[in-house]
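**Q** Following is a predicted model, sequence given first.
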Amino acid sequence: MTGTLTPPRPDTEVEHLLTVTISRGRRIRNRLAGVWMYASFVLVAVPLVIVIGYVVIKGIGVIDGAWFTQKIFVLDTKAGGGMAPAIVGTIVITFWATLLAVPLGVLAAIYLHEYGKRGRLARVIRFMSEVMTGVPSIIMGLFVFIVFTVPLGAKGLVGFGGSLALACLMLPIVIRSSEEMLRLVPDDLRQASYALGNRKWRTIVTVVLPAALGGMVSGIMLAVARAAGETAPLLFTIGASRRVNWNVFQGPNTALPLQIWNNSQSPYLPAQNRAWGAALTLVVLVFVLTLLARFVSSRFSLKHD
């Protein structure tokens with residue numbers, strides 16, 4: 001009875017071929033590079049896991065059904081209450097900041113890479129975006145306070161002032177990240193679109209932007225995450241409120257970073273627990289927004305493939 005020979009697996013053949021053709025020194029350097037890559041990942045991931053785990057442990061005991069529905073307690077010595085006003089305030093203020101910063105930032109990136117190139121105006125915009133990236137957030141809050149809040153008086157302490165300050169912080173991040181993603185799109189795609197008779201604006205909308213969408217969404221979410229966690233710009237612009245306010249154009253408001261700041265300074269344990277709960281809520285909110293943005297961008301990319 002004759003047995004059947006099992007053909008060698010393709011991956012085994014490739015591994016054997018690489019072992020024979022590649023020198024021993026290059027294989028050692030390749031393994032060292034792989035070890036270095038995994039070690040770097042662990043080095044970055046361990047502190048992140050520790051921080052998130054500590055926030056979860058400290059804040060999970062405060063969160064219940066009332067946390068998302070009740071107003072904020074006035075007394076720091078009293079346990080309980082909720083963070084509904086701060087959660088709503090964070091969502092609406094960040095939403096309006098995103099609505100202001102993202103379209104303007106993407107349009108600026110398109111102009112810089114597709115039209116302005118190395119022109120004088122393009123160089124000025126790049127320089128200003130770099131300067132804005134390094135401006136401390138408290139300076140941006142003071143700027144909006146002077147030009148927006150002070151002229152309006154008491155009516156200027158509204159959520160929209162906070163949105164303006166956060167939008168100023170988001171704008172340079174969106175511009176720089178979007179421009180870098182546009183640079184990664186091969187020029188061959190543009191030339192192929194031009195060869196088919198498409199105008200430049202149509203090429204940008206139907207070819208360039210879908211190809212760069214994944215990276216642009218990552219940059220936008222980085223800007224949103226920074227804006228959602230900022231405290232200093234909101235100290236001067238949105239006032240203080242312990243009730244839910246969906247209208248950013250009327251009445252004071254509050255946000256999770258402000259509640260974290262205020263409650264963490266209290267010497268009383270109930271207030272400190274609320275600070276940990278607000279921190280955990282903010283982390284989960286940013287995580288959910290990131291997942292939602294990645295899902296939308298992936299669906300949009302598949303639609304244009």
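**A** In hand now; what should we look at? What you are looking at is a predicted structure, and each value in this text was computed from that prediction instead of being measured.
**Q** Tell me if I'm right that N198 and T206 touch.
**A** Yes. Using CB atoms under 8 Å, N198 is in contact with T206, at 7.3 Å. Where C-beta positions appear, they are placed from N, C-alpha and C, glycine not excepted.
**Q** more neighbours, those two?
**A** N198 (16 against 13; other CB atoms under 10 Å).
**Q** Retrieve the pLDDT associated with T2.
**A** The model reports T2 with a pLDDT of 49.
**Q** Which parts of this structure are helices?
**A** Assigned by DSSP state H, the helices in the chain fall at 10-21, 24-59, 84-110, 120-133, 137-144, 150-152, 159-183, 187-195, 200-203, 209-228, 232-235, 256-264, 269-304.
**Q** export the ones you listed to TSV and tack on mean neighbour count and mean pLDDT?
**A** Formatted as TSV, these follow (neighbours: other CB atoms under 10 Å; pLDDT from 0 to 100):
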stretch	mean neighbour count	mean pLDDT
helix 10-21	10	61
helix 24-59	11	88
helix 84-110	21	92
helix 120-133	14	88
helix 137-144	19	89
helix 150-152	10	86
helix 159-183	25	91
helix 187-195	12	88
helix 200-203	14	88
helix 209-228	20	86
helix 232-235	24	87
helix 256-264	22	90
helix 269-304	17	81
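**Q** quick one, which of those helices is nearest to F73?
**A** Closest to F73 of the helices of the chain is helix 269-304 (CB to CB; 7.9 Å).
**Q** which helices and strands sit right next to the closest one?
**A** helix 24-59, helix 84-110, helix 209-228, helix 256-264 (3 or more CB pairs under 8 Å, 6 or more residues apart in numbering; DSSP states H and E).
**Q** Which among the helices of the chain is found nearest to W67?
**A** Across the helices of the chain, closest to W67 is helix 269-304 (CB to CB), at 6.5 Å.
**Q** got the angle between the closest one and helix 84-110?
**A** Relative orientation of helix 269-304 and helix 84-110, computed by axes from the mean of the first three to the mean of the last three CA atoms, to 10 degrees: 40 degrees.
**Q** picking up where we left off before, would you turn the helices and strands packed on helix 269-304 into CSV with distance to K155?
**A** Compiled in CSV, the helices and strands packed on helix 269-304 are given as follows (distance: least, CB to CB, whole Å):
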stretch, distance to K155
helix 24-59, 35
helix 84-110, 17
helix 209-228, 23
helix 256-264, 20
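**Q** for these, which one sits closest to T77?
**A** Across the helices and strands packed on helix 269-304, closest to T77 is helix 256-264 (CB to CB), at 12.0 Å.
**Q** From the rest of the structure, what touches the closest one?
**A** The contact list for helix 256-264 (CB atoms under 8 Å, 6 or more residues apart in numbering) reads 72, 76, 83, 86-87, 89-90, 228-231, 234-235, 238, 240, 271-272, 274-275, 278-279, 281-282, 285.
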